[in-house]
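A.B. asks: following is a predicted model, sequence given first.
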Amino acid sequence: LIFAEVNESVRSYGLPRHRHLSEIEQELGKAAGEKVTISFVPHLIPVTAGISTTIFAKLTGDFDRIDRALRNAYRDSPFVRLRGAGISPDTKNVTGSNYLDIGWHHDSRTGRIIIQSAEDNLGKGAAGQAIQSFNLMVGNSITDGLQNL
């Protein structure tokens with residue numbers, strides 16, 4: 001799609017089963033230590049760069065367990081910034097960077113956890129991810145060439 005076709009409009013895509021849903025559930029399941037089933041609905045937003053996601057999942061156990069699981073899973077991930085419970089990440093804070101910002105909320109009324117993320121789809125979502133993968137393949141630090149984005 002070209003910008004002129006989507007300007008001044010926001011829409012969801014990839015429903016009901018986005019192409020990355022299986023891998024998201026797989027990684028969340030690893031972090032949780034059990035099978036995880038979520039709903040995932042990405043939205044196209046007409047900005048130069050940025051992806052904002054909102055994921056809803058049934059909460060089993062206490063909410064603090066989610067906080068601990070996320071912090072444990074990403075403690076050694078220099079480009080993942082956990083904004084914390086009650087914080088909604090903003091795409092303007094990741095534009096032009098290799099960072100992924102994550103926030104989460106507990107909806108006690110529905111018994112769900114809501115996980116939100118923001119990333120620059122041209123940085124972290126494309127070129128930055130490729131550089132990180134290259135660094136891993138050749139034995140460099142994953143931050144090489146990415147610290148100053």
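C.D. replies: Yep, it's here. Because the structure is predicted, anything quoted here is derived from the model rather than measured. Numbers count the residues shown, from 1 in each chain.
A.B. asks: make it CA atoms for all contacts and neighbour counts henceforth
C.D. replies: Fine.
A.B. asks: ok, the spatially most central residue of the chain to residue 20 distance?
C.D. replies: The geometric centre of the chain, computed from its C-alpha atoms, lies nearest to residue 117 (Cα atoms, centre = their mean), at 4.0 Å. Separation of residue 117 from residue 20 (Cα to Cα, to the nearest Å) stands at 14 Å.
A.B. asks: before we move on, what about residue 50?
C.D. replies: Separation of residue 50 from residue 20 (Cα to Cα): 17 Å.
A.B. asks: so what's the residue count around the nearest residue to residue 133 once chain neighbours are set aside?
C.D. replies: Counting by Cα to Cα, 6 or more residues apart in numbering, residue 142 is the residue found nearest to residue 133 once chain neighbours are left out, at 7.6 Å. A count of neighbours around residue 142, defined by other Cα atoms under 10 Å, yields 21.
A.B. asks: in this structure residue 142 contacts residue 136, no?
C.D. replies: Yes - if you go by Cα atoms under 8 Å, residue 142 and residue 136 touch, sitting 6.1 Å apart.
A.B. asks: what about residue 52, which SS state?
C.D. replies: Here residue 52 takes the strand state, with states given by DSSP: H, G, I helix; E, B strand; the rest coil.
A.B. asks: got it, and the one 3 residues further on?
C.D. replies: Using three-state DSSP, the secondary structure recorded for residue 55 is strand.
A.B. asks: any idea how many residues pack against it?
C.D. replies: Going by other Cα under 10 Å, the residues that sit close to residue 55 add up to 17.
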